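Visitor: Pasting the sequence and the predicted model now:
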Amino acid sequence: MELYQISAAGLGAGSRIPIVKLGDSGEVFYELALEMLHAIESNNAAGRRTVFICPVGPVGQYPVFVRLVNERRLDLHDCWFFNMDEYLDEAGHCLPESHPLSFRGFMAKNVYARIDPALLMRPEQRIFPDPADPAACDRRLEALGGADIAFGGIGINGHLAFNEAREDLTPEQFAALGTRTLALGPETRTANAIGDRGGAIDAMPTHAVTIGMKQILAAKKVRLGVFRDWHRAVVRQAAYGPVTAHFPASLLQNHPDARIYANATAAAQPF
């Protein structure tokens with residue numbers, strides 16, 4: 001496809017999602033952490049709450065965020081963090097926090113446990129979608145006025161959170177999907193198995209609960225980080241390809257304030 005021939009130098013020119021080209025992955029993670037920090041500081045100063053949709057992938061922004069929160073004594077008491085998704089077990093329940101693939105466990109150990117308790121928001125403000133009542137997440141987000149920023153990455157098939165590609169829906173239908181449980185596609189399980197299970201695809205969960213495209217697209221801002229070899233094609237398809245449920249990230253072309261941070265690896269020409 002012609003879009004895969006866009007060079008690193010040309011990436012971003014004429015793109016329908018703004019792309020910020022950076023150096024190494026650390027720069028991508030630092031920008032995401034600063035977006036989190038600055039939004040909270042601004043809202044705190046104005047007496048407003050902060051509402052984020054947060055990923056577990058990418059995660060490199062969290063050590064920077066935690067360090068800066070503690071150093072700057074940043075008050076998180078009026079922050080609400082909605083995590084995007086979680087893997088489910090064979091019974092349809094969220095993986096226990098003790099499971100190595102648990103997103104809830106990751107956030108507990110690597111984010112919340114490392115922030116000074118005097119600065120931390122209450123546990124009830126750290127929200128994960130519930131497979132027993134997925135719509136509860138949507139109701140809570142709506143009651144808070146929606147997310148200030150939705151953070152995340154882009155899956156190899158273009159998924160945002162675990163909103164897997166669909167061939168049977170129009171972009172409008174796909175954009176209206178709320179929080180729900182779903183089966184994970186083979187592309188997602190394969191790509192995630194490479195990083196999380198040493199390539200053992202059959203050891204990956206088959207289902208997940210995910211926040212909806214509706215909730216992500218309703219965020220005032222969307223900020224994504226891409227940094228892997230295979231993101232070279234993904235970022236080009238998202239920013240230059242057709243808007244389609246076949247590649248969910250392409251729907252951000254219609255968002256008023258979306259941005260992709262790409263390291264030099266992801267910006268390189270695919271082939």
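Guide: Received the coordinates, thanks. Just so it is clear, the model here is predicted, and its values are computed rather than measured.
Visitor: Tell me the confidence at the residue nearest to residue 161 when sequence neighbours are not counted?
Guide: Nearest residue to residue 161 in three dimensions, chain neighbours excluded: residue 84, at 3.9 Å (Cβ to Cβ, 6 or more residues apart in numbering). C-beta coordinates here come from the backbone N, C-alpha and C atoms, glycine included. pLDDT for residue 84: 98.
Visitor: which residues touch residue 84?
Guide: Contacts here follow Cβ atoms under 8 Å, 6 or more residues apart in numbering; on that basis residue 84 touches 53, 54, 55, 56, 129, 152, 161, 162, 210, 211, 216.
Visitor: cutoff 7 Å now
Guide: Each residue near residue 84 by Cβ atoms under 7 Å, 6 or more residues apart in numbering is listed here: 53, 54, 55, 152, 161, 210, 211.
Visitor: Which of these has the largest number of neighbours?
Guide: The residue in the contacts of residue 84 with the most neighbours, by other Cβ atoms under 10 Å, is residue 211 (33 neighbours).
Visitor: so how far is residue 165 from that residue?
Guide: Applying Cβ to Cβ, to the nearest Å, the value for residue 211 to residue 165 is 16 Å.
Visitor: got it, and residue 266?
Guide: Residue 266 is 20 Å from residue 165, by Cβ to Cβ.
Visitor: cool, residue 7 as well?
Guide: Distance from residue 7 to residue 165, by Cβ to Cβ: 27 Å.
Visitor: neighbour-wise, which of these two wins?
Guide: Taking neighbours as other Cβ under 10 Å, residue 7 and residue 165 compare with residue 165 leading, 20 against 10.
Visitor: That one contacts residue 248, correct?
Guide: Yes - Residue 165 is in contact with residue 248 according to Cβ atoms under 7 Å; the separation is 6.1 Å.
Visitor: intersection of neighbour lists for the two?
Guide: With Cβ under 7 Å, 6+ apart as the test, residue 165 and residue 248 both reach 158, 159.
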